[in-house]
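Colleague: I'll drop the sequence and a predicted model, then ask my questions.
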Amino acid sequence: MRFAAALGIVGVSLALTASVALAAPTKAQFIRRGDALCGQVQRDLAPLRRRAEAAKSLPEAQKWVAVTALWSDQIRIQARFIPRFRAIGVPAGDATARSLTSGLDRGLLLARRVRAAFAARSTRALAIALPAYVRFTLSLNRRVRAYGFRLCGG
């Protein structure tokens, strides 16, 4: 059961964050550029979703290895996304945008904890790490969508 939930989480879109760049974008530019990056991330995640579906039919011992590899790949995608998104900058004086941008590092940390739990085959650690990741990601994604993004947070 945990595997099915974890496999589904691999498909959760990445959250949104950014930091100040030299020329601050307008809100519309911020959203447009962010959505463009998120669209690329969604394309990058598509093969992981297919692998997650295929992993559901593996024997239990192989599932641990497969899911750990999926989380490793997702983390690599997230880690590449963060500096690219930060390079966009945030709209000047936009406290909401700035608060949204603070979550990427937290999301990456939580994803690494989930991966570590799978790598250790620790259902106890997984029972803590996975719900924390899901709660954080879903909350941030709701805020991102409310801000106006169409692809990010979706």
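Modeller: Sure, I can see it.
Colleague: and the gap between the closest residue to Arg121 other than its chain neighbours and Ala117?
Modeller: Spatial nearest neighbour of Arg121, excluding adjacent residues (Cβ to Cβ, 6 or more residues apart in numbering): Trp64 at 5.0 Å. Glycine gets a C-beta too; all of them are placed from N, C-alpha and C. Summarising the geometry, the distance separating Trp64 from Ala117, computed by Cβ to Cβ, to the nearest Å, is 10 Å.
Colleague: Repeat that for Gln29.
Modeller: Gln29 sits 39 Å away from Ala117, taking Cβ to Cβ as the criterion.
Colleague: Between those two, which is the more surrounded one?
Modeller: Between Gln29 and Ala117, counted using other Cβ atoms under 10 Å, Ala117 has the larger neighbour count: 24 against 14.
Colleague: what's near enough to touch Ile77?
Modeller: By Cβ atoms under 8 Å, 6 or more residues apart in numbering, the contact set of Ile77 is Leu14, Val41, Asp44, Leu45, Leu48.
Colleague: for the closest residue to Asp94 other than its chain neighbours, what are its contacts?
Modeller: Nearest residue to Asp94 in three dimensions, chain neighbours excluded: Lys27, at 6.5 Å (Cβ to Cβ, 6+ apart). Shown in contact with Lys27 (Cβ under 8 Å, 6+ apart): Pro91, Asp94, Ala97, Gly148.
Colleague: need the contact list for Ala119.
Modeller: Taking Cβ under 8 Å, 6+ apart, we find Ala119 in contact with Thr68.
Colleague: same question, Leu108
Modeller: The neighbours of Leu108, taking Cβ under 8 Å, 6+ apart as the test, are Ile75, Gln78, Ala79, Ile82.
Colleague: Next, the buried residues of whichever strand or helix holds the second one.
Modeller: In this assignment (DSSP states H and E), Gln78 forms part of helix 60-86. When neighbours are counted by 16 or more other Cβ atoms under 10 Å, the buried residues of helix 60-86 are found to be 63-64, 66-71, 73-75, 77-78, 81-82, 85-86.
Colleague: which residues of this structure fall in helices?
Modeller: Under the criterion DSSP state H, the chain contains helices at 2-10, 27-55, 60-86, 95-101, 104-119, 123-147.
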